[in-house]
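**Q** What follows is a predicted structure for the sequence shown.
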Amino acid sequence: MGQFKFTKGSIEGLYVIEPICIGDNRGYFMETYNYDDFKKAGLDMVFVQDNQSLSKKGVLRGLHFQKKHPQGKLVRVIKGEVFDVAVDIRPGSKTYGRWQGEILTEDNRKQFYVPKGFAHGFLVLSEEAEFAYKCTDFYYPEDQDGIQWNDPALAIEWSLKDGMEPILADKDKISQGFADLKRQQSMY
Ligand SMILES: Cc1cn([C@H]2C[C@H](O)[C@@H](COP(=O)(O)OP(=O)(O)O[C@H]3O[C@H](C)C(=O)[C@H](O)[C@H]3O)O2)c(=O)[nH]c1=O
């Protein structure tokens, strides 16, 4: 118990979590999630699905979200280093359109909790990165949506070297702009 340091993010609902790592002559051990510790810190949610992806340097996955089945995500890096970004797209939020980025690495062992209602993505900074995360709802392919990673209205500082273009999935090359999302959301 008490194996984590919780720091609230700059946007309501975001948290940076640092597990306490116990080293010994064999290596290390750390709890990477504990329902009771997280609940005590105000993160009382049930995760129903774990994911893991491997990406090479320069890959950018995002910015993604599910519309009718929004997912809270507890994300971390097992191998490598990523710049992880959460964008507040909660209609009516006073921080709507604001983003927070965190450098998550195998060495800092930091985790980032991205609540429901955020778009999420990451850029791989190391040669490759193994990315693992827990989700509070299941994957609904038909419910997937995204916004442009480089939308000037979001002005996310992705730590991309000058002129470097990220490696994107085809679907992420044609994501809607932030203005399109705002228009869509204002229709409901
Ligand atoms: C997300 C997901 C994908 N898949 C399948 C669908 C495709 O056949 C393959 C790759 O899917 P996709 O290209 O959507 O994977 P990412 O681009 O990493 O998507 C994720 O990227 C950002 C970082 C996110 O935050 C979301 O979790 C998610 O959108 O895995 C599944 O079977 N289950 C799943 O939960």
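**A** In hand now; what should we look at?

**Q** Determine the longest helix present in the chain.
**A** helix 178-186 (DSSP state H).

**Q** hmm, who's touching that helix?
**A** Under the criterion C-beta atoms under 8 Å, 6 or more residues apart in numbering, residues Ile89, Pro91, Gly97, Asp145, Ile147, Gln148, Asp151, Ala153, Leu154, Gln176 lie in contact with helix 178-186. C-beta here means a position set from N, CA and C on the backbone, and glycine is covered the same way.

**Q** What average pLDDT does it get?
**A** Confidence over helix 178-186 (mean pLDDT, whole number) is 93.

**Q** do stretch 148-166 as well
**A** pLDDT averaged over stretch 148-166 gives 92.

**Q** Endpoints of it, how far apart?
**A** Using C-alpha to C-alpha, to the nearest Å, the end-to-end distance of stretch 148-166 comes out at 12 Å.

**Q** can you list the residues that contact it?
**A** By C-beta under 8 Å, 6+ apart, the residues outside stretch 148-166 that reach it are 58-60, 62-63, 83, 85, 87, 97, 99, 101, 121, 123, 125, 147, 168, 172, 175-179.

**Q** on that earlier part again, what's the closest of the contacts of helix 178-186 to Lys39?
**A** Nearest to Lys39 among the contacts of helix 178-186, counting by C-beta to C-beta, is Ile89 at 26.1 Å.

**Q** and the closest residue to the closest one other than its chain neighbours, bridged to which residues?
**A** Once flanking residues are discounted, Ile89 sits nearest to Ala119: 5.2 Å by C-beta to C-beta, 6 or more residues apart in numbering. On the basis of DSSP bridges, Ala119 is bridged to Val87.
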